[in-house]
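[1] sequence first, predicted model second:
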2 protein chains.
Amino acid sequence: MRMAKTAIPKIKDVARVAGVSAATVSRVLNHPETVAEPTRQAVLEATRRTGYRINLAARNLRRRRTGSIVVLVPNLGNPFFSAILAGIEMTFARHGLNVVVFDTQQPDVPPELVLEYLHNSRSDGIISLDGGIPETLLKNSGARSSLPPIIFACEWDANGDYPSVRADNFEGARMAVRHLAALGHRKIGHLQGPPGNVLTEARRAGMTAAICELGLELRREWFLGGSFALESGARAAIEWIDLKERPSALFCASDQIAFGLISELHRNGVYVPRDLSVIGFDDIDIASRFIPPLTTIRQPRTQLGAAAAELLLDHIEGRRDTGEPVREILPVELVVRGSTAQWPQ
Amino acid sequence: MRMAKTAIPKIKDVARVAGVSAATVSRVLNHPETVAEPTRQAVLEATRRTGYRINLAARNLRRRRTGSIVVLVPNLGNPFFSAILAGIEMTFARHGLNVVVFDTQQPDVPPELVLEYLHNSRSDGIISLDGGIPETLLKNSGARSSLPPIIFACEWDANGDYPSVRADNFEGARMAVRHLAALGHRKIGHLQGPPGNVLTEARRAGMTAAICELGLELRREWFLGGSFALESGARAAIEWIDLKERPSALFCASDQIAFGLISELHRNGVYVPRDLSVIGFDDIDIASRFIPPLTTIRQPRTQLGAAAAELLLDHIEGRRDTGEPVREILPVELVVRGSTAQWPQ
DNA sequence: ATTGCATCTGAAATCGATTACAGTTAGCCT
DNA sequence: AGGCTAACTGTAATCGATTTCAGATGCAAT
């Protein structure tokens, strides 16, 4: 069977088949209520028959939009971010917007490429899961302020100039410490994230606040770590072992840190929670299946992504011009599992 | 300080500033060698001065392309996929193409939305990490074959109609079994992936092939599992415990399965590798930090993503019209860690 | 019957870049 | 000098949809 080399049907083809003008077809597809019922049916039928699919480039050109949202992720390999991404993605898909993912910490990405993605020629809006970008961003936007709306999710910019959606990191850290204290721990240390990171600051602040409230000891040398990654926790394990006076519990700024820590301790004959209680932050999937199952602070990941997406949509549609940037803070939850235990036993 | 409400500069503005026509600006930006040196410099200077950024919608409309690549991922939350994504993404970013990620197994995604993303109105090409889509895909493309080029990565379509880039799953499974046999195991079981999945089939085939080659026993009831997820492994743990005659080693079709398995066994007082050797597949980041560190088969993830991206670029650019679909198979690697041990001890 | 109004539809401009084609200029050759 | 070529550059058509504006139609009210 031979087939005519079917060209891709355009709006005019649909119009011809339906016996109307291209304008009417466009109306049926975009503002159906403005078209009379019989006409509308004819157009819909023609759309079906021709197998018409809209050309997004043409629509976007005319509408002066790009039809896509850029999401800046500090590390795609981190499962914590992928879950948030899922929430973001679902929300925008429903609105017919593409989600373009960009990993800001990929090894050989030139910084000008990141800037390229920030520009409004690339997207109708930006969600950044990376709080570190604003320096480059502001430097650039000073020159020409043609940036699309930006929302920070999870992390945020230190100056607070942009709207953000985040978990209650301060309170989460506080809950973690209070949990440990409730188990009897008096010497509590902290495995921090990367220096300068807003999450690192917020969690450390919550942690120290709780320590003070409880009247516990707080030592400089009990603050270890320096990144959210597995290996940071592993390195800290050795440091903890070498400590003259060791804390009996460690609050880790991420689940990954906790895994690295527990794993390296285990290798050195130190067992959690027998010799040390450990609590994480994030509650990534594997936390419940680690050995021991990890006690942690759960962030509402999907919800976080969805909230950021909704907020960005509001900004894009101009529904949120009110001066002060919105700052949405979602509650976190303590999930008690097996990595924390009574002390002394 | 007041600022003129600067409109976004267009190619005509650049042309005016440079004292040339829009066509020349376009040429400088796209085929610089066709423009005389002084003109080119003037245009580049004007581009800088005006802060011109190209309007991608306009370019794509004229070029009849979309400028984006859709990547279909079965589950973004799985860290294995995100690593591949990183490889894909980097490659396309270098070619000025957007990567649009779409999670095919998101709970409430209507199937027609997936089809929407398959269409060439949405992208210049597709990379699918999900082997399950071709049924819907073919049904649809029968009606109108206006699909952009598709490459499968990691998974592939069962009919082999499409080009693909994948790891050597058969050989990986074989290596896993041989490793276990070399440690003295004679009764080896398998925790499979979801039924019907191409990876499930390939890995099972490799596994059974190795078992036969080695002249080992193969029992129906030693094949457990049914998904690549953590919980599938956890369920299988209970089934293994309930077995009258238990295999002394299990080859898991994914690292996640292995984690779920080991975790649930541990909870029931069964220790790996003391009571059972376990080997996984994938080598996701956390594998090296699990307790015990997981012996597994490593897939070259980033490389896999990059290879798929390159192959797709070849197809898009029409460099690969040769009849038979390309099938690139990348080697895997056995990574021996602590979850497998000599048997009997 | 005429006017007025509401409802619907079509013609044409428009979005911003690319590129085929044609025109200009300078340089070279005979 | 005239003609020819090569090297650039400009004009204008084009990509495919949206939307403004105005025209057409039908109905109700006077």
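    Yep, it's here. Everything quoted here is computed from the prediction, not taken from an experiment.

[2] name the next helix or strand downstream of the lowest-mean-pLDDT helix or strand in chain A, please.
    Using mean pLDDT, DSSP states H and E, helix A:134-143 stands out as the lowest-scoring helix or strand of chain A, at a mean of 58. For helix A:134-143, the succeeding helix or strand toward the C-terminus, using DSSP states H and E, is strand A:150-153.

[3] let me know the pLDDT of A:Thr302.
    Looking at A:Thr302, its pLDDT reads 88.

[4] I'd say it and A:Ala86 touch.
    Yes - in this structure, A:Thr302 is within contact of A:Ala86 by CB atoms under 8 Å, at 6.2 Å. In short, each C-beta sits where N, CA and C put it, glycine included.

[5] between these two, which is the more surrounded one?
    Of the pair A:Thr302 and A:Ala86, A:Ala86 is the one with more neighbours under other CB atoms under 10 Å in any protein chain shown, namely 23 against 19.

[6] contacts only, for that one.
    A:302, A:305, B:76-77, B:103, B:106 (CB atoms under 8 Å, 6 or more residues apart in numbering or on different chains).

[7] now the residues you listed in a markdown table, with secondary structure and distance to DNA strand D?
    As requested, the contacts of A:Ala86 are exported to a markdown table (DSSP: H, G, I helix; E, B strand; the rest coil; distance: CB to the nearest atom of the strand, whole Å):
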| residue | secondary structure | distance to DNA strand D |
| --- | --- | --- |
| A:Thr302 | helix | 31 |
| A:Gly305 | helix | 28 |
| B:Leu76 | coil | 29 |
| B:Gly77 | coil | 34 |
| B:Asp103 | strand | 26 |
| B:Gln106 | coil | 26 |
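
[8] so which residues of chain A form strands?
    Ranges of strands in chain A, per DSSP state E, are A:68-73, A:98-103, A:125-128, A:150-153, A:164-167, A:188-192, A:223-225, A:249-252, A:277-279, A:296-298, A:327-330, A:333-335.

[9] which one of those strands is the most hemmed in?
    strand A:249-252 (a mean of 32; mean count of other CB atoms under 10 Å in any protein chain shown).

[10] what's that one in contact with?
    Under the contact criterion CB under 8 Å, 6+ apart, strand A:249-252 has outside partners A:173, A:176-177, A:180, A:183, A:185, A:187-191, A:203, A:207, A:224-225, A:233, A:236, A:240, A:258, A:261, A:276-281, A:340, A:343.

[11] how far away is A:Val35 from DNA strand D?
    Separation of A:Val35 from DNA strand D (CB to the nearest atom of the strand, to the nearest Å): 10 Å.

[12] next, count neighbours for that residue.
    21.

[13] got it, and A:Pro194?
    Applying other CB under 10 Å, we find 16 other residues in the vicinity of A:Pro194.

[14] so where do the helices sit in the stretch 151-300 of chain A?
    Using DSSP state H, counting those that start in this stretch, the helices of the stretch 151-300 of chain A run over A:169-182, A:198-213, A:230-242, A:255-267.

[15] same question, the stretch 1-150 of chain A
    Here the stretch 1-150 of chain A has its helices, by DSSP H, counting those that start in this stretch, at A:11-18, A:22-30, A:37-50, A:56-63, A:79-94, A:111-118, A:134-143.

[16] show me the contacts for the closest residue to A:Glu264 other than its chain neighbours.
    Nearest residue to A:Glu264 in three dimensions, chain neighbours excluded: A:Ala237, at 3.5 Å (CB to CB, 6 or more residues apart in numbering or on different chains). Applying CB under 8 Å, 6+ apart to A:Ala237 gives the contacts A:260-265, A:268, A:270.

[17] what subset of the residues you listed is buried?
    Among those, those that count as buried by neighbour count (16 or more other CB atoms under 10 Å in any protein chain shown) are A:260-265, A:270.

[18] what does chain A put close to DNA strand D?
    Counting by CB under 7 Å from any atom of the strand, the residues of chain A close to DNA strand D are A:8, A:10-12, A:22-23, A:26-27, A:29-30, A:52, A:54-55, A:58-59, A:61-63.

[19] check those residues against chain B, which are close?
    Contacts with chain B are made by A:8, A:54-55, A:58, A:61 out of these, judged by CB under 8 Å from any CB of the partner chain.

[20] confidence score at the residue nearest to A:Tyr271 when sequence neighbours are not counted?
    Once flanking residues are discounted, A:Tyr271 sits nearest to A:Leu265: 7.3 Å by CB to CB, 6+ apart. A:Leu265 is assigned a pLDDT of 98 by the prediction.

[21] mean pLDDT lowest where, among the strands of chain A?
    Among these, strand A:98-103 scores lowest, at a mean of 88.

[22] other SSEs contacting that one?
    strand A:68-73, helix A:79-94, helix A:111-118, helix B:79-94, strand B:98-103 (3 or more CB pairs under 8 Å, 6 or more residues apart in numbering or on different chains; DSSP states H and E).

[23] closest residue of the stretch 201-345 of chain A to DNA strand D?
    Closest contact between the stretch 201-345 of chain A and DNA strand D, by CB to the nearest atom of the strand, is at A:Glu317 (13.3 Å).

[24] tell me how many other residues crowd the closest residue to A:Met207 other than its chain neighbours.
    Once flanking residues are discounted, A:Met207 sits nearest to A:Ala173: 4.4 Å by CB to CB, 6+ apart. Look at A:Ala173: counted by other CB under 10 Å, it has 28 neighbours.

[25] now the end-to-end length of stretch A:93-110.
    End-to-end distance of stretch A:93-110 (CA to CA, to the nearest Å): 29 Å.

[26] and it, how far from the chain's centre?
    Put simply, stretch A:93-110 sits 12 Å off its chain's centre (CA atoms, centre = their mean, to the nearest Å).
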